[in-house]
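Colleague: could you work out the structure for the sequence below:
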Amino acid sequence: MDLSIGAHSSRTRRVTAADVAAFAQVSGDTNPVHLDPAYAAETQFGRCIAHGMFSAALISAVLGNDLPGPGSLYISQTLQFKAPVYIDDEITANVEVTAYRERSRVTTLHTTCTNQNGVLVLDGEAVVIAPKAVQQ
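Modeller: Modelled structure (predicted):
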C-alpha cells in the first residue's frame, strides 16, 4: 500500500432507512430526528436525517479496509459536520494521506464525506497506526 503524501482512497454508499434504523439499534441513539418522519418534518431538516456518526463510520471503513487497510489502528479522529445526510443520499467517504512517519507508522489523513451533489457533509482528520506491511 502506498502511504506517500497525497495517496487517497474512497468508498461510496447509498444511505437507506434500514441503515439508519440498524445504526440506531447498534448505537442506542434513537433520537426521533433519525427515525420518526412526523417528528423530523417539524425540525429544520424537514425530514429524517442519518446519524452524523454513520458518515464517520464510512470513513472508518475506508481506513480499515483500503487505506492504510487491514490492521490499521485508530488513534484519533476530528469531525466537523457540515451538512445533513438524508435517507437515499449517496455518500462518498474520502481519505488522503497528509503525513506519514515511517518509523512509527503513524499516518495522518484528511477525511471528508460528500453527497451525490458534491456537498461536503463531513470534514476532519484521522490519525492511525498503519499496519506493518506498508510501502512509502
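Colleague: C-alpha from now on. contacts and neighbour counts both.
Modeller: Will do.
Colleague: name the SS class of residue 4, please.
Modeller: Per DSSP: H, G, I helix; E, B strand; the rest coil, the secondary structure class of residue 4 is coil.
Colleague: so how far is residue 99 from it?
Modeller: With distances defined as CA to CA, to the nearest Å, the gap from residue 4 to residue 99 amounts to 8 Å.
Colleague: quick check: buried residues in the longest helix anywhere in the chain?
Modeller: With DSSP state H applied, the helix covering the greatest number of residues in the chain is identified as helix 52-65. For helix 52-65, burial by neighbour count (16 or more other CA atoms under 10 Å) applies to 52, 54-56, 58-64.
Colleague: and residue 104, that's in a helix?
Modeller: No - the assignment for residue 104, made by three-state DSSP, is coil rather than a helix.
Colleague: okay, now it: neighbour count?
Modeller: Here the neighbour count serves as a burial measure; for residue 104 (other CA atoms under 10 Å) it reads 10.
Colleague: likewise for the one 3 residues further on?
Modeller: With neighbours defined by other CA under 10 Å, the count for residue 107 comes to 24.
Colleague: ok, and the closest non-adjacent residue to it?
Modeller: The shortest distance from residue 107 to any residue other than its chain neighbours is 4.5 Å, reached at residue 100 (CA to CA, 6 or more residues apart in numbering).
Colleague: my guess is the one you found contacts residue 108. True?
Modeller: Yes - at 6.4 Å, residue 100 and residue 108 qualify as touching, with contact defined as CA atoms under 8 Å.
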